[in-house]
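A.B. asks: this one's sequence-less:
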């Protein structure tokens, strides 16, 4: 089975712009979660989508949003980029049932905001 | 109360030795405890996970020990190899919310020859 894929792998944006990141989960997985990884804050949960609905949300401002499509692929959008948004953005997929906790991460998208 | 505290921050172990990484949590709603391994430039890879109904789980050279009363869990890597050199993260997930993991700060492990 193919793993979780994320595109693009690297992105450079300017402060104030917006960005969209994409994630394709493992085939058969219905849940996609997004995490932000920075040297200072570590790995932090952004949100989770399951069956096209946001099921869980972390403590990030509304500039961070996402959506999920009927094929379980997910996108994450960050508007009005700030320098502090520079990070590795990871998505993870899982089967999605509340008893199926195993999450598998993609390679991440490295976002640099200048 | 949502924190997961991980120690040590870095660890150097000789080849063949045992690597031990510890984590502690406060939120009693956590009921799923995975460990992830991350190499530079890669996403975290799930190594092994445990639930509170067992005190130990072993998979190959990796063992999780879990102490529910102390709210602590640890990863033991037996016969550590240079290829194990990576950053290790513990995490915890709350009851009924499968995907909302809270991660520890990571341990950078270096296995020397």
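C.D. replies: Ah, there it is. Keep in mind it's a predicted model, so treat the numbers as computed, not measured.

A.B. asks: identify the residues contacting the closest residue to residue B:66 other than its chain neighbours.
C.D. replies: Excluding the flanking residues, the one nearest residue B:66 by CB to CB, 6 or more residues apart in numbering or on different chains is residue B:73, at 4.5 Å. All C-beta atoms are positioned from the backbone trio N, CA, C, and that covers glycine. By CB atoms under 8 Å, 6 or more residues apart in numbering or on different chains, the residues touching residue B:73 are B:22-23, B:25, B:33, B:50, B:64-67, B:90.

A.B. asks: now do the contacts for residue 104.
C.D. replies: No chain in the question, so chain A it is. A:3-4, A:26, A:29, A:92-94, B:46.

A.B. asks: hm, I was asking about chain B
C.D. replies: Contacts of residue B:104 (CB under 8 Å, 6+ apart): A:42, B:4-6, B:23, B:89-91.

A.B. asks: show me how to select, in ChimeraX, the buried members of these.
C.D. replies: This is how ChimeraX selects the buried members of these, with burial counted by 16 or more other CB atoms under 10 Å in any protein chain shown:
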select /A:42 /B:4,6,23,89,90,91
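
A.B. asks: with respect to residue B:77, which of the contacts of residue B:104 is nearest?
C.D. replies: residue B:90 (13.0 Å; CB to CB).

A.B. asks: gap between the closest one and residue B:75?
C.D. replies: According to CB to CB, to the nearest Å, residue B:90 stands 7 Å off from residue B:75.

A.B. asks: any shared contact partners between the two?
C.D. replies: In contact with both residue B:90 and residue B:75: B:21, B:23, B:35, using CB under 8 Å, 6+ apart.

A.B. asks: could these go into a markdown table alongside pLDDT?
C.D. replies: Formatted as a markdown table, the shared contacts of residue B:90 and residue B:75 follow (pLDDT from 0 to 100):
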| residue | pLDDT |
| --- | --- |
| B:21 | 98 |
| B:23 | 98 |
| B:35 | 97 |
